[in-house]
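Student: What shape does this take:
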Amino acid sequence: MTGVTLDSAWAVPGFVPAGADGEGLTVGSQPITVDEPEALNRTKTLIRHDANGVITQVILEAARPMDEISKSFAEAGIDHILYDGPVDIKEAYVDLSTDPPEIRPKPEVVISGEIRPIKADGIDVLHLTVRPEKFTVYVWFENRLVHQEDVTDGAIEFAIDQAGTFRVTIVAAQPYKVGAFEVIAR
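Tutor: Next comes the predicted model:
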């Protein structure tokens, strides 16, 4: 519970400040604390998700109360949860392994190894390890996809014989965030 402290004079029903100057009457020296439920301080958010826990829609405001919308969704068989507070669709997922399902932050893709400039000779190689081990790697050059590969052992080797800056993105299965880094080939 959160507390709201009021001057004791203002807490008296029917109190009107004395005089035109707006000064209040002093009734006592001790403040009065009024407790209010935490739920009043929260914004309910309706979160739709798919069968894997991917958040597909976040509804922050609606003309109808969120509880009513939730009931309608449940009757229609639409996967969703009500959550107290805002949710960033890119940073969170719905953990369906808990009962009831919970909002959790997406884990980071972990890239290990030295990401450094390489020689554009096709021989100088970057050796990197990625967790989780299963993912799809995409290589972009000048905003165009130039290579795509499914990886199952967590190992990336990068060598190129063309100079330039290459953007590498790592897309692992739900619930992981997308990982990315750049390689400069000279």
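Student: show me what contacts the residue lying closest to M66 once chain neighbours are set aside?
Tutor: Nearest in space to M66, with sequence neighbours left out and distances taken as CB to CB, 6 or more residues apart in numbering, is K44 at 4.3 Å. C-beta here means a position set from N, CA and C on the backbone, and glycine is covered the same way. Contact analysis of K44 by CB atoms under 8 Å, 6 or more residues apart in numbering lists 66-67, 82-84.
Student: and if you look at D124?
Tutor: Here D124 is in contact with 118, 159 (CB under 8 Å, 6+ apart).
Student: mind checking the backbone torsions on it?
Tutor: Backbone torsions of D124, given as degrees, to the nearest 10, read phi -70, psi 120.
Student: Strands of this structure, start to end?
Tutor: 2-6, 32-36, 44-49, 55-59, 80-84, 92-95, 102-105, 110-112, 126-131, 135-141, 144-151, 155-158, 164-172, 179-185 (DSSP state E).
Student: Show me what V137 bridges to in the sheet.
Tutor: V137 has these beta-bridge partners by DSSP bridges: E149, I170.
Student: Then E102?
Tutor: Applying DSSP bridges, one finds that E102 bridges with D95.
Student: can you count the residues close to it?
Tutor: 15 (other CB atoms under 10 Å).
Student: Same question for the one 10 residues further on.
Tutor: Using other CB under 10 Å, S112 is surrounded by 11 other residues.
Student: List the contacts of the closest residue to it other than its chain neighbours.
Tutor: The shortest distance from S112 to any non-neighbouring residue, by CB to CB, 6+ apart, is to T129 (4.5 Å). T129 makes contact with 111-113, 154-156, according to CB under 8 Å, 6+ apart.
Student: spatially speaking, which residue is in the middle of this protein?
Tutor: Nearest to the mean C-alpha position of the chain, by CA atoms, centre = their mean, lies E91 at 2.7 Å.
Student: ok, now how distant is that one from A63?
Tutor: Using CB to CB, to the nearest Å, we find E91 at a distance of 28 Å from A63.
Student: List the residues that contact the residue lying closest to Q57 once chain neighbours are set aside.
Tutor: With CB to CB, 6+ apart as the criterion, Q57 has its nearest non-adjacent residue at 4.1 Å, and that residue is R48. Neighbour list for R48: 55-59, 73, 78-80 [criterion: CB under 8 Å, 6+ apart].
Student: quick one: pLDDT of R48?
Tutor: On pLDDT, R48 comes in at 95.
Student: P13 too?
Tutor: For P13, pLDDT reads 52.
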